[in-house]
Each structure stands twice: as C-alpha cells, then as structure tokens.
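Can you look at this prediction? I've put the sequence above it.
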Amino acid sequence: MAGDPYKELGVSKGASAEDVKKAFRKLAKDLHPDKNPGDKAAEERFKRITAAFDLLGDAEKRAKYDRGEIDADGREQYRGFAGGGGTGGFGGGRARPGADGGPGGRASFDNIDLDDLFGMFGGQGRQRGARDFTARGQDVRATLEISLEDSILGVTRRIQFSDGRMLDVIIPKGAGDGQVIRLRGQGAPGRNAEAGDALIELKIAAHPLYRREGADLVVEVPVSVPDAVLGGKVEVQTPEGRVKLTVPKGANSGQVMRLKGRGAFANGRRGDLKARLLVTLPETPDEALIRFAEEWRSKRPYTPGS
C-alpha cells in the first residue's frame, strides 16, 4: 500500500482507535466489491483502505508506524547497515507462479530474534574460525493477512519477504486466525546443512459486513415493511455468494434467522450465518403509507413489547 494510511482513511494522526474503526467501516461499506461490481477503481481503493486499517487498527503496528519503525506496508525500516543497494536478507529464492497476494501479502519479521539473524549468515558470526562447523538454518517467522473468505474457502496467496523472495502459500479451507503454516526449507540457509523453515502465521482481517461470534457469523439484513408484514424473500450475502432467505410473516427487527453451515470455522467446526433482520422504512414515506399509519394508530393502537 503506497501513501499515508491516515489519508487513505481520512483521519488525523491523533484519531482514536474507535474513530479509525468507524472511518474504515464507512468506507468499506461504500467501496465493497459486491456493491461496486466491475468498478476497478473502487476495488483498488477498497484494497488500500483495508491495508490502511490493518496498520492503524492494530495498536502495536500503529505505534511502530508513527515512530518510523515500519513503512505503510508494515515492513521494517532498517537503519545502520552499511553497504550498497540491497536490503540484506537471507538468500535468493525464486518466485513461483501463483495468485496475486493483494493487500496484506507482505511478510512482517517482527519476531526474528538474534539466533535467526545469525542464522541468516550461515552462523559465521559465531563460528567464524570453524570451517567444519555444521548447523541447520534457523527458522524465520512472518505474518500474512488474509480475508475471512480466504480462510473459509481456501486459496493460494503470494507472500514477499524482506529480501525480495516471493513464495506461494496455500491457505487450507477452514484456516483459523493465528494458524501457522510451515514452508519447509524456505528459512535461513544452513552451515553445511539444510535450510530452516519459514513459519507463516495467518491473521484474518476485520470484515466490513460480518461480525464473528465464535464459529458463527452475524450479518444485518434490511427488510421492507411489506415483506416483514406479509412475508417474502430477500437476498443475503454469504462468504460463498448471495442466497435467497425466506422472511416469515410478521417478522420484526432484531429477529435472527440461521443459515446452517454458512459461517466461519473454529476448532475444526463450521458455524452458521445468523441473519439479523432490520425492518426498514423507505427513505421518503409516501402519502398512502402515512395515511395508513395514522389510521392504524387511531383505530388499532398497541405498545411494542407489552
């Protein structure tokens, strides 16, 4: 993500965490691809605000960015290294063909410790004089942000390491937040031995439409007054696409209807999608509706909840 994440979300650097979240939710609802089919500009903007929220919505990442320790893509800003144009790193891997990672597809090496660092250079910093020294390469760790849909359906995402290497990561169907994927032999090179592994921790990004309740997902579904009174069918967005939901006669706001097996995954089990109905008036009620309401109130008064 190029540019200033604060500008992408339209907030000041002193904005509270709640203000950042509100700004993201508003923009995400307006720019979501489902609401703007075929609009490439809206899709690109949606990716940028999602990446911006990943940075500013995480208190630790935001603090690091504000201190200049990481850039807008979450990459560490290394200082004090002498030498030419390279970024250092631990070897020249090759990119393999695969899906474009999109936002969140870069590695973050916040968890590399000193042993990892020495391992990147084959252990020479500690065993400079021992030509016959043998040691397996150190494992390296990175985080990869994926969407809720990616975690449910499974997908291949490309991750770029700080040394420029790009690798394809297969996200299994039903992947969980915090799950670690091991890429064998893709870590730091060994000293006369095999390379270490790359350990990729998955982070599921916040979603503009769904709220998680364990393995269940909650989504708000607007329902017209006629459909609420007479019953009807409305469309509901699920992780696999839009489906028809039957609204029963006399439905009320707050009523929850379950779509079995359409939720997220937790502890190896897939939950349900809970559609919370919101009975919604038209933006400008016409005269007929107003007269009907006046007559109803005068002839058939009732107190909700009584």
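Looks like it came in fine. The structure presented is a predicted model; accordingly, all values stated were derived computationally and were not measured. Numbers count the residues shown, from 1 in each chain.

ok, so what distance separates the nearest residue to residue 153 once chain neighbours are set aside from residue 149?
Leaving aside its chain neighbours, residue 153 sits nearest to residue 173 (6.2 Å; criterion: Cβ to Cβ, 6 or more residues apart in numbering). No exception for glycine: its C-beta is placed from N, CA and C like everyone else's. Separation of residue 173 from residue 149 (Cβ to Cβ, to the nearest Å) stands at 11 Å.

Please save the CA atoms from stretch 229-249 in PDB.
The C-alpha trace of stretch 229-249 is given here as PDB (Å, rounded to 0.1, in the frame of the first residue of the first chain):
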ATOM      1  CA  VAL A 229     -45.800  -8.000   7.400                       C
ATOM      2  CA  LEU A 230     -46.700 -10.400   4.600                       C
ATOM      3  CA  GLY A 231     -43.500 -12.500   4.400                       C
ATOM      4  CA  GLY A 232     -41.200 -12.600   1.400                       C
ATOM      5  CA  LYS A 233     -37.700 -13.300   0.100                       C
ATOM      6  CA  VAL A 234     -34.600 -11.200   0.500                       C
ATOM      7  CA  GLU A 235     -31.000 -11.700  -0.700                       C
ATOM      8  CA  VAL A 236     -28.300 -12.300   1.900                       C
ATOM      9  CA  GLN A 237     -24.600 -12.100   1.200                       C
ATOM     10  CA  THR A 238     -22.700 -15.200   2.400                       C
ATOM     11  CA  PRO A 239     -19.000 -16.000   2.100                       C
ATOM     12  CA  GLU A 240     -19.800 -18.200  -0.900                       C
ATOM     13  CA  GLY A 241     -22.100 -15.600  -2.600                       C
ATOM     14  CA  ARG A 242     -25.600 -14.300  -2.400                       C
ATOM     15  CA  VAL A 243     -28.600 -16.600  -1.400                       C
ATOM     16  CA  LYS A 244     -32.300 -16.100  -1.000                       C
ATOM     17  CA  LEU A 245     -33.700 -16.000   2.500                       C
ATOM     18  CA  THR A 246     -37.400 -16.500   3.300                       C
ATOM     19  CA  VAL A 247     -38.800 -13.900   5.700                       C
ATOM     20  CA  PRO A 248     -41.700 -15.200   7.700                       C
ATOM     21  CA  LYS A 249     -45.000 -13.200   8.100                       C
END
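
just for the stretch 51-200 of the chain, where's the confidence low?
Regions of the stretch 51-200 of the chain meeting the criterion pLDDT under 70 cover residues 76-133.

can you pull out the strands in it?
Assigned by DSSP state E, counting those that start in this stretch, the stretch 51-200 of the chain shows strands spanning 140-146, 155-160, 166-171, 180-183, 198-204.

higher neighbour count, residue 173 and residue 149?
Shown here are residue 173 and residue 149; by other Cβ atoms under 10 Å, residue 149 has more neighbours (16 against 12).

residues in contact with the more buried one?
Shown in contact with residue 149 (Cβ atoms under 8 Å, 6 or more residues apart in numbering): residue 239.

all numbers from here: first residue = 25
Okay, using 25 as the starting number, the last item reads as residue 173.

and residue 161, how many neighbours?
24.

From what I see, it and residue 211 are in contact.
Yes: assessed by Cβ atoms under 8 Å, residue 161 is found in contact with residue 211 at 5.4 Å.
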